[in-house]
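In: this is a predicted model, with the sequence first.
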Amino acid sequence: MRRWLVAWGPAAAWAAFLFLVSSRATVPLDLSSGLDKVAHFCAYLVLGWLLAHGSAHVAATPVVAVALGCLYGALDELHQSTVPGRTAEFGDWIADALGTAAGVLLFLYVWRKRDSRADFAPGTTAEGTKHHD
(Lines give C-alpha, C1' and ligand atoms only; values in the text may rest on other atoms or scores of the structure.)
Protein backbone atom coordinates (compact mmCIF):
# COMPACT_ATOMS: atom_id res chain seq x y z
CA MET A 1 0.00 0.00 0.00
CA ARG A 2 2.83 2.40 0.84
CA ARG A 3 4.47 1.79 -2.54
CA TRP A 4 1.18 2.59 -4.29
CA LEU A 5 0.76 5.80 -2.28
CA VAL A 6 4.28 6.95 -3.10
CA ALA A 7 3.83 6.14 -6.78
CA TRP A 8 0.24 7.21 -7.47
CA GLY A 9 -0.77 9.30 -4.45
CA PRO A 10 0.40 12.66 -5.84
CA ALA A 11 -1.44 12.07 -9.14
CA ALA A 12 -4.59 10.97 -7.31
CA ALA A 13 -4.46 14.06 -5.09
CA TRP A 14 -4.02 16.37 -8.10
CA ALA A 15 -6.84 14.60 -9.95
CA ALA A 16 -9.09 15.13 -6.90
CA PHE A 17 -8.16 18.82 -6.88
CA LEU A 18 -9.03 19.09 -10.59
CA PHE A 19 -12.35 17.35 -9.91
CA LEU A 20 -13.17 19.84 -7.15
CA VAL A 21 -12.30 22.80 -9.38
CA SER A 22 -14.40 21.45 -12.24
CA SER A 23 -17.32 20.92 -9.85
CA ARG A 24 -17.69 24.65 -9.32
CA ALA A 25 -20.11 26.65 -11.44
CA THR A 26 -17.50 29.40 -11.80
CA VAL A 27 -13.77 29.70 -11.31
CA PRO A 28 -12.16 32.70 -9.59
CA LEU A 29 -10.00 33.52 -12.62
CA ASP A 30 -10.71 35.41 -15.84
CA LEU A 31 -10.14 32.71 -18.45
CA SER A 32 -11.48 34.58 -21.45
CA SER A 33 -9.85 34.88 -24.88
CA GLY A 34 -8.32 31.42 -24.96
CA LEU A 35 -6.75 31.51 -21.52
CA ASP A 36 -8.98 28.63 -20.50
CA LYS A 37 -7.06 26.40 -22.94
CA VAL A 38 -3.77 27.52 -21.36
CA ALA A 39 -5.18 26.77 -17.91
CA HIS A 40 -6.29 23.29 -19.06
CA PHE A 41 -2.89 22.64 -20.64
CA CYS A 42 -0.99 23.70 -17.50
CA ALA A 43 -3.25 21.78 -15.10
CA TYR A 44 -2.87 18.62 -17.16
CA LEU A 45 0.87 19.15 -17.63
CA VAL A 46 1.10 18.78 -13.85
CA LEU A 47 -1.14 15.71 -13.97
CA GLY A 48 0.97 14.22 -16.78
CA TRP A 49 4.15 14.76 -14.75
CA LEU A 50 2.60 13.10 -11.70
CA LEU A 51 1.21 10.19 -13.72
CA ALA A 52 4.63 9.66 -15.31
CA HIS A 53 6.12 9.66 -11.80
CA GLY A 54 3.62 6.97 -10.81
CA SER A 55 4.22 4.84 -13.86
CA ALA A 56 8.00 5.13 -13.48
CA HIS A 57 7.81 3.86 -9.90
CA VAL A 58 5.84 0.77 -10.86
CA ALA A 59 7.75 0.08 -14.08
CA ALA A 60 4.78 0.87 -16.32
CA THR A 61 5.28 2.33 -19.76
CA PRO A 62 4.84 6.10 -20.21
CA VAL A 63 1.99 5.30 -22.59
CA VAL A 64 0.01 4.27 -19.50
CA ALA A 65 0.52 7.73 -18.02
CA VAL A 66 -0.60 9.47 -21.21
CA ALA A 67 -3.63 7.19 -21.57
CA LEU A 68 -4.68 7.73 -17.96
CA GLY A 69 -4.36 11.51 -18.30
CA CYS A 70 -6.33 11.61 -21.55
CA LEU A 71 -9.04 9.37 -20.12
CA TYR A 72 -9.27 11.50 -16.98
CA GLY A 73 -9.52 14.65 -19.10
CA ALA A 74 -12.40 13.15 -21.08
CA LEU A 75 -14.18 12.05 -17.90
CA ASP A 76 -13.62 15.50 -16.39
CA GLU A 77 -15.19 17.15 -19.44
CA LEU A 78 -18.20 14.81 -19.14
CA HIS A 79 -18.41 15.66 -15.44
CA GLN A 80 -18.35 19.38 -16.25
CA SER A 81 -21.32 18.93 -18.56
CA THR A 82 -23.39 18.01 -15.49
CA VAL A 83 -22.36 21.10 -13.51
CA PRO A 84 -24.76 24.06 -13.85
CA GLY A 85 -23.02 26.90 -15.68
CA ARG A 86 -20.29 24.65 -17.11
CA THR A 87 -19.98 22.92 -20.47
CA ALA A 88 -17.92 20.13 -21.95
CA GLU A 89 -15.71 21.30 -24.79
CA PHE A 90 -13.69 19.17 -27.18
CA GLY A 91 -11.06 21.94 -27.34
CA ASP A 92 -10.61 21.73 -23.58
CA TRP A 93 -10.05 17.99 -23.84
CA ILE A 94 -7.46 18.55 -26.57
CA ALA A 95 -5.66 21.02 -24.27
CA ASP A 96 -5.89 18.42 -21.47
CA ALA A 97 -4.42 15.70 -23.71
CA LEU A 98 -1.61 17.92 -24.99
CA GLY A 99 -0.80 19.05 -21.45
CA THR A 100 -0.72 15.45 -20.26
CA ALA A 101 1.63 14.41 -23.07
CA ALA A 102 3.87 17.42 -22.41
CA GLY A 103 4.02 16.61 -18.70
CA VAL A 104 4.96 13.00 -19.39
CA LEU A 105 7.62 14.02 -21.91
CA LEU A 106 9.04 16.62 -19.53
CA PHE A 107 9.19 14.05 -16.74
CA LEU A 108 10.95 11.55 -19.01
CA TYR A 109 13.46 14.18 -20.10
CA VAL A 110 14.28 15.17 -16.52
CA TRP A 111 14.30 11.53 -15.34
CA ARG A 112 16.72 10.44 -18.08
CA LYS A 113 18.91 13.49 -17.58
CA ARG A 114 19.09 12.69 -13.87
CA ASP A 115 19.96 9.05 -14.59
CA SER A 116 22.67 10.02 -17.07
CA ARG A 117 24.26 12.38 -14.52
CA ALA A 118 24.24 9.60 -11.92
CA ASP A 119 25.89 7.23 -14.40
CA PHE A 120 28.87 9.53 -14.82
CA ALA A 121 29.17 11.07 -11.37
CA PRO A 122 32.64 10.77 -9.85
CA GLY A 123 32.98 7.73 -7.61
CA THR A 124 30.03 5.83 -9.11
CA THR A 125 29.80 2.81 -11.33
CA ALA A 126 27.88 2.70 -14.61
CA GLU A 127 24.80 1.62 -12.64
CA GLY A 128 25.02 4.78 -10.52
CA THR A 129 26.05 2.97 -7.35
CA LYS A 130 28.86 4.21 -5.18
CA HIS A 131 32.19 2.57 -5.97
CA HIS A 132 34.14 1.53 -2.88
CA ASP A 133 37.89 0.93 -3.05
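Out: Cool, the structure landed.
In: how many neighbours does W49 have?
Out: 25 (other Cβ atoms under 10 Å). The way it works is simple: take the backbone N, C-alpha and C, and place the C-beta from them, glycine included.
In: now do the helix or strand that it is a member of: distance to the chain's middle.
Out: For W49, the host element (DSSP states H and E) is helix 35-57. Averaging C-alpha positions (Cα atoms, centre = their mean, to the nearest Å) puts helix 35-57 3 Å from its chain's average.
In: buried set for it?
Out: Going by neighbour count (16 or more other Cβ atoms under 10 Å), the buried part of helix 35-57 is 36-37, 39-41, 43-56.
In: okay, now the unreliable bits of the protein?
Out: 28-32, 116-133 (pLDDT under 70).
In: again, 50 this time
Out: Scanning the chain for pLDDT under 50 picks out the ranges 125-129, 131-133.
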